[in-house]
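[1] When you get a sec, could you give me coordinates for this:
(one chain, ligands or ions: 1)
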Amino acid sequence: MAKKAIAIDGPSGAGKSTTARMLARELGYKYIDTGAMYRAVALAGLREGLDFDNEEELAGKLTALAEEIEINFSSPDRKGRVEIFLDGENVTEEIRKLKVDQLVSRVASIAGVREVMLTKQRELARNQPVVMDGRDIGTRVLPDADLKIFLTASLKIRARRRLRDHHAQGDKITLEEVEERLRKRDTRDRERAHSPLRRAADAFEINTDEKEPEQVVREIRDLFREVV
Ligand code: DC
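    Below is the predicted model of the structure:
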């Protein structure tokens, strides 16, 4: 029998990872952060010294690299946090750096890279019950998920949340810069040819502007109870 799966999609800063992590902890499911997987591929490309300006070569090289590398997640700690490993090395912090931020949506727009990630993500969901978050989980990766959620929030609020993350990382950046980057990344994620960000027809949309994470988790848990 298929394992239980909850798909959470939405733009950057809508609250996906906080919500998904808390929910996974409550349900005892594994949390899979698919954005972190694309970030790990971007980091691997940076470390290989790939030329990110050479669009033609980049696609082939990054796809081959995505096949070669091993990406693993740790089990959640007491706070539900998970760590991500690239070929055995803990890269949880490094994948959040600005350098990766700037490249990742380009990496995620490469069809070959997406195919490789799709296989890995489906495999993860086959082996265990999961809460998986990303952009195309409900539409493509897990179209048969038991529950699909589409989280949204206004650009201003999303930028404020992301700014907090950047400052916690020690990155020097202003609110305006974060907003501009988010806007660009959103456009790229929504308009790309392969698996663009969009709400699945059967996804429940929740706007998180005025809500604490606990409330969002409660709403999703209630919906989950109704569907399973
Ligand atoms: O959620 P995040 O900011 O860590 O995502 C990083 C990038 O990867 C972002 O540009 C969207 C992209 N992404 C994607 O295309 N598909 C996913 N399932 C997850 C993330």
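[2] Could you pull up the residues touching the residue most central in space within the chain?
    By CA atoms, centre = their mean, the chain has its centre lying nearest to residue 35, at 2.7 Å. Neighbour list for residue 35: 17, 104, 133, 134, 135 [criterion: CB atoms under 8 Å, 6 or more residues apart in numbering]. Yep, even glycine has a C-beta here, placed from its N, CA and C like the rest.
[3] For residue 121, see how far away it is.
    The gap separating residue 35 from residue 121 is 11 Å, by CB to CB, to the nearest Å.
[4] shared neighbours of these two, anything?
    residue 134.
[5] does the host helix or strand of residue 35 come close to the ligand?
    Secondary-structure assignment from DSSP states H and E places residue 35 in helix 34-47. Yes - Helix 34-47 is in contact with the ligand by CB under 6 Å from any ligand atom, via 34, 35, 36, 38, 39.
[6] Give me the three-state assignment for the closest residue to residue 48 other than its chain neighbours.
    Once flanking residues are discounted, residue 48 sits nearest to residue 65: 6.3 Å by CB to CB, 6 or more residues apart in numbering. Per DSSP: H, G, I helix; E, B strand; the rest coil, the secondary structure class of residue 65 is helix.
[7] how about the residues of this protein near the ligand?
    Going by CB under 6 Å from any ligand atom, the residues of the chain near the ligand are 12, 34-36, 38-39, 104-105, 108, 134-137, 185, 189.
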